[in-house]
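Asker: Sequence first, then the predicted structure, then my questions.
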Amino acid sequence: MIGDGHGEWIASSETYYNIFDCDGGDSVCLHKGKEKRWRKKVKYQLLGYHSLPGFLRDNEFILGYYRSEWPLKQVFLSIFSVHNETLNIWTHLIGFFLFLCLTIYTAMKAPTVMDLKSLQRFSDMVKGADLHKIHSELLKCLPSLHKMPGFHKLKDELRTSFPSADFLYSLSDWHIVQLLTKCLPDRFPQHGVKYDVVNMVAPLMIQPITRWPFFIFLCGAMFCLLASSMCHLLSCHSQHLSCIMIRLDYAGIAALIATSFYPPVYYSFMCDPVFCNLYLSIITISALATIVFSSLPAFHKPKFRGYRASLFFGMSMSGVAPIVHKLILYKHLPEALQTTGYEILMGALYGLGALIYATRIPERWRPGKFDIAGHSHQLFHVLVVAGAYTQYQAGLVYLRWRDLGSC
């Protein structure tokens, strides 16, 4: 509120309305019976930075279009209006729905992500094997599988296929092939079938590698993106709710960083439980410590912006050691190099986002010009979503790698 001797003024971004003076001009005269309605309308006006209560003052380079202490109903409805948090809300809300779709897709497709046509190694290794013998012995194996779902379909496929490399790809049901391979180790001890083919493919087809580390990452990403959206939407309601939502937002960031390393650590060291458990424990403890530290009220003050960015950046650096270790162990494998490339890109995107967030570029160069679109927090959000999606692609490579060759 600002007084000028003639009445009380209410700030609306760059405009001020006099609610008592009825002299005309740009002021608004409140006729009898309409004052209550006008006060209600003016209460939800967007404010300038210097009209905000202390708990909402975070970035002095964003000068206008702030919501301040609105009722919850109006706060929720503001998701569809234009203010300086609109794109902050939607960049991560869209990211949340993107990862929700990816999670559903992965849950439906992950068990069959390694179909036979993608097993180029398998195709190469069966060359030179006694395929006539494989074909005939599979036919002999059929009676023992008569209770298996799809038995008649499998029987027809085997009897009409030819004993060549192509007949192995004619088995269209992935789950049937999984069960069929149980026959191979017992029926082919010395019949011209290469032992390494059976040894590699049989365990693969019996049970694809576990997916829980990948889903832990997807859940962490969705939690982070949704918590961030809710924080930017609801924090303007009150100081109490703002403190709760900010803590939730920081917990989401820590969860995303920590769970981003679950797939690379687990799938890289699944054959070495000691290192696997050690690295996962370090990353998890770092995340929990970060969440506890970020819950301190002093941590939320604007002057600690650089410390916040440094803390999360330092936490992400705890994942460098297992990645380097992985390269040492598997430098001869293309999957190790490919996943490392994705992880370097992910780290670069997260790091660039943290740098932009800490330095408040570009709004610090032209205060007030990026209030609605283009300010640092929006760019930070976009880079976070891009980094998380990069890690999703790396996770798919890990699944293909470990499906092809488990311990």
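Answerer: In hand now; what should we look at? Computed from a predicted structure; not experimentally measured.

Asker: all helices of the stretch 301-407 of the chain, in order?
Answerer: 305-317, 320-330, 334-359, 376-404 (DSSP state H, counting those that start in this stretch).

Asker: Ranking those by mean neighbour count, which comes first?
Answerer: helix 376-404 (a mean of 21; mean count of other C-beta atoms under 10 Å). Placement of C-beta: from N, CA and C, glycine included.

Asker: quick one: residue 227 from residue 250, how far?
Answerer: According to C-beta to C-beta, to the nearest Å, residue 227 stands 9 Å off from residue 250.

Asker: Equivalent analysis for residue 62, please.
Answerer: In terms of C-beta to C-beta, residue 62 sits 20 Å off from residue 250.

Asker: what comes up buried for stretch 79-95?
Answerer: Neighbour counts over stretch 79-95 (16 or more other C-beta atoms under 10 Å) mark 83, 84, 85, 86, 87, 88, 89, 90, 91, 92, 93, 95 as buried.

Asker: same thing with stretch 264-281?
Answerer: Buried residues in stretch 264-281 (16+ other C-beta under 10 Å): 264, 265, 266, 267, 268, 269, 270, 275, 276, 279, 280.

Asker: Now do the contacts for the fifth one.
Answerer: When you say that, I think you mean residue 268. Residues in contact with residue 268 (C-beta atoms under 8 Å, 6 or more residues apart in numbering) are 322, 325, 326, 329, 330, 336, 398.

Asker: tell me, which of the helices of the stretch 301-407 of the chain is the model least confident about?
Answerer: Per-stretch mean pLDDT for those is lowest at helix 305-317 (a mean of 72).

Asker: Show me what that helix is packed against.
Answerer: When contacts are defined as 3 or more C-beta pairs under 8 Å, 6 or more residues apart in numbering; DSSP states H and E, helix 305-317 sits against helix 239-260, helix 273-294, helix 334-359.

Asker: tilt between the longest one and helix 305-317?
Answerer: An angle of 170 degrees separates the directions of helix 334-359 and helix 305-317 when computed by axes from the mean of the first three to the mean of the last three C-alpha atoms, to 10 degrees.

Asker: same for helix 334-359, what does it pack against?
Answerer: Using 3+ C-beta pairs under 8 Å, 6+ apart: helix 334-359 touches helix 262-268, helix 305-317, helix 320-330, helix 376-404.

Asker: Select, out of these, the one closest to residue 289.
Answerer: Relative to residue 289, the nearest member of the helices and strands packed on helix 334-359 by C-beta to C-beta is helix 305-317, separated by 8.4 Å.

Asker: can you dump the C-alpha coordinates of the closest one into PDB?
Answerer: This file holds the C-alpha atoms of helix 305-317, laid out as PDB (Å, rounded to 0.1, in the frame of the first residue of the first chain):
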ATOM      1  CA  ARG A 305      21.700 -19.300  -4.100                       C
ATOM      2  CA  GLY A 306      25.300 -20.100  -5.100                       C
ATOM      3  CA  TYR A 307      25.700 -22.500  -2.200                       C
ATOM      4  CA  ARG A 308      22.500 -24.300  -3.100                       C
ATOM      5  CA  ALA A 309      23.800 -24.800  -6.700                       C
ATOM      6  CA  SER A 310      27.200 -25.900  -5.400                       C
ATOM      7  CA  LEU A 311      25.700 -28.400  -3.000                       C
ATOM      8  CA  PHE A 312      23.600 -30.200  -5.700                       C
ATOM      9  CA  PHE A 313      26.500 -30.000  -8.100                       C
ATOM     10  CA  GLY A 314      28.800 -31.600  -5.500                       C
ATOM     11  CA  MET A 315      26.300 -34.300  -4.900                       C
ATOM     12  CA  SER A 316      26.200 -35.100  -8.600                       C
ATOM     13  CA  MET A 317      29.900 -35.400  -8.700                       C
END
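
Asker: Run the angle between it and helix 376-404 for me.
Answerer: Per the same axes, to 10 degrees, the angle that helix 305-317 makes with helix 376-404 is 10 degrees.

Asker: Under the pLDDT cut-off, which ranges of the chain? List them.
Answerer: 1-43, 110-208, 298, 300-303, 305-306, 309, 404-407 (pLDDT under 70).

Asker: can I get the CA coordinates of whatever helix or strand residue 214 lives in in PDB?
Answerer: Per DSSP states H and E, residue 214 falls inside helix 212-234. Taking C-alpha atoms only, helix 212-234 is exported to PDB below (Å, rounded to 0.1, in the frame of the first residue of the first chain):
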ATOM      1  CA  TRP A 212      13.900 -52.000 -10.800                       C
ATOM      2  CA  PRO A 213      16.900 -49.600 -11.000                       C
ATOM      3  CA  PHE A 214      15.600 -48.200 -14.200                       C
ATOM      4  CA  PHE A 215      12.100 -47.600 -12.700                       C
ATOM      5  CA  ILE A 216      13.700 -46.100  -9.500                       C
ATOM      6  CA  PHE A 217      15.200 -43.500 -11.900                       C
ATOM      7  CA  LEU A 218      11.900 -42.900 -13.700                       C
ATOM      8  CA  CYS A 219      10.100 -42.400 -10.300                       C
ATOM      9  CA  GLY A 220      12.800 -40.000  -9.100                       C
ATOM     10  CA  ALA A 221      12.500 -37.900 -12.300                       C
ATOM     11  CA  MET A 222       8.700 -37.800 -12.000                       C
ATOM     12  CA  PHE A 223       8.800 -36.800  -8.300                       C
ATOM     13  CA  CYS A 224      11.300 -34.000  -9.000                       C
ATOM     14  CA  LEU A 225       9.400 -32.600 -12.000                       C
ATOM     15  CA  LEU A 226       6.000 -32.700 -10.200                       C
ATOM     16  CA  ALA A 227       7.300 -31.300  -7.000                       C
ATOM     17  CA  SER A 228       9.000 -28.400  -8.800                       C
ATOM     18  CA  SER A 229       5.700 -27.600 -10.700                       C
ATOM     19  CA  MET A 230       3.700 -27.600  -7.500                       C
ATOM     20  CA  CYS A 231       6.300 -25.500  -5.700                       C
ATOM     21  CA  HIS A 232       6.200 -22.800  -8.400                       C
ATOM     22  CA  LEU A 233       2.400 -22.900  -8.400                       C
ATOM     23  CA  LEU A 234       1.600 -22.900  -4.700                       C
END
